[in-house]
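Trainee: A structural model of the following input is requested.
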Amino acid sequence: MGAVVATVDLQGRYVEVNVDRTGLTLAALRRVTPWGERDVRMAVLVDTVDTLVGYDYEVPLDVNVRYRAVWDDGSSTLSAVVVMPASGQDWWVALGYPGISRPILIESFPALTSPLGHSLVQPLSARNPIPVIQARRGVQGTLTLLSLTLDEASALRTLIRQSPLFMLTGPADRGFEHGLYLLAQDYVEERAFRLAQRPERRWKITVQEVDRPPLDVPPPEQNTWQDWVVEGTTLGGWRDRTNLDLLTEPEVGP
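Mentor: Numbers count the residues shown, from 1 in each chain. As a prediction, this is how the structure comes out:
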């Protein structure tokens, strides 16, 4: 059975996973942590003659992690344990653009609210209503970040605009060692000091927890309100269209 070798890249904050060819077909690559297994989002997959190479950008910090290669015959191979050190940093992991992921400086972590989905039914002539209880919803709140230089501010602005869907991860003592999948909604960029020449910025971002996205998360500009896979149409053609074109063109397809 082929070997699975996991190597930590501290600068890029990802784990490179090399899976040797064995004559079998790789059915899945899974991340094994103390709280279970999950398929790895293959942000990049390089198929070479001898090995398959994948990159795990969503690896939790300060946690023992192994990788399991599952083959089409049902057998599997485990890697040795690796640990991605947090080094005291929190990270904004961009799911569509993993290459722009970067550490962030959290000024204050939000008081997270987890609302309970429910409704009340008032029967006729009854004194009290009957509760209909649904699942408790994901956390929501305001995440406040700081950037200390103009370059940091530009990078954070790019993160918010290019990757509103992201994973927040940090040291285990933060309380979200599994990683929080969040949607960055409205945000406010303000000066951290009254003096206009100072480069520091404060970012107040409204966030909402969402379910873990599917393994294939395309960059935002590749999403349109119509399916681009139409006879005679290419992805490049859709990219050339403006928002006005999309609004004024007649619908195609069934």
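
Trainee: Residue 191 is in contact with residue 200, isn't it?
Mentor: Yes - with contact defined as C-beta atoms under 8 Å, residue 191 reaches residue 200; the gap is 7.2 Å. C-beta: built from backbone N, CA, C; applies to glycine.

Trainee: could you list every residue that touches residue 91?
Mentor: Contact analysis of residue 91 by C-beta atoms under 8 Å, 6 or more residues apart in numbering lists 13, 61, 101-104, 168-170.

Trainee: ah, wrong one, I meant residue 153
Mentor: Residue 153 touches 147, 189, 199, 201, counting by C-beta under 8 Å, 6+ apart.

Trainee: so the last one bridges to which residues?
Mentor: Listed beta-bridge partners, residue 201: residue 147, residue 191 (assigned using DSSP bridges).

Trainee: about what we covered before: max pairwise distance over the contacts of residue 91: which two?
Mentor: For the contacts of residue 91, the farthest-apart pair by C-beta to C-beta is 61 and 102; their separation is 14.1 Å.

Trainee: Please identify which of the two sits among more neighbours.
Mentor: The neighbour count for residue 61 versus residue 102, taken as other C-beta atoms under 10 Å, is higher for residue 61 (22 against 16).

Trainee: For that one, which non-adjacent residue is closest in space?
Mentor: In this structure, residue 61 finds its nearest non-sequential neighbour in residue 86, 3.7 Å apart by C-beta to C-beta, 6 or more residues apart in numbering.

Trainee: does that neighbour count as helix, strand or coil?
Mentor: coil (DSSP: H, G, I helix; E, B strand; the rest coil).

Trainee: That one contacts residue 62, doesn't it?
Mentor: Yes - the pair residue 86 / residue 62 is scored as a contact, 4.8 Å apart, by C-beta under 8 Å.

Trainee: And these two? Which one has more around it.
Mentor: Comparing residue 86 with residue 62 by other C-beta under 10 Å, the one with more neighbours is residue 86, at 21 against 16.

Trainee: Tell me which helix or strand comes right after the helix ranked longest in the chain.
Mentor: Identified as the longest helix of the chain according to DSSP state H is helix 150-162. Note on helix 150-162: by DSSP states H and E, the next helix or strand toward the C-terminus is strand 165-169.

Trainee: Helix 150-162 and that next one, what's the angle between them?
Mentor: If you take axes from the mean of the first three to the mean of the last three C-alpha atoms, to 10 degrees, strand 165-169 sits at 130 degrees to helix 150-162.

Trainee: ok, back up a step: pull out the buried members of the contacts of residue 91.
Mentor: 13, 61, 101-102, 104, 168-170 (16 or more other C-beta atoms under 10 Å).

Trainee: Can you show me the helices along this protein?
Mentor: 150-162, 235-240, 243-248.

Trainee: returning to what we had before: which among the buried ones among the contacts of residue 91 gets closest to residue 179?
Mentor: Distances from residue 179 to those, taken by C-beta to C-beta, are shortest for residue 169, at 4.4 Å.

Trainee: For the longest helix of the chain, buried residues please.
Mentor: 152-153, 156, 159-160.

Trainee: Check stretch 167-176 too.
Mentor: Going by neighbour count (16+ other C-beta under 10 Å), the buried part of stretch 167-176 is 167-171, 174, 176.

Trainee: Can you give the contact residues for that stretch?
Mentor: 58, 60-63, 86, 88-93, 95, 106, 109, 143, 177, 179-182.

Trainee: what about residue 151, distance to residue 87?
Mentor: Separation of residue 151 from residue 87 (C-beta to C-beta, to the nearest Å): 20 Å.

Trainee: do the same with residue 78
Mentor: Between residue 78 and residue 87 the distance is 26 Å, computed by C-beta to C-beta.
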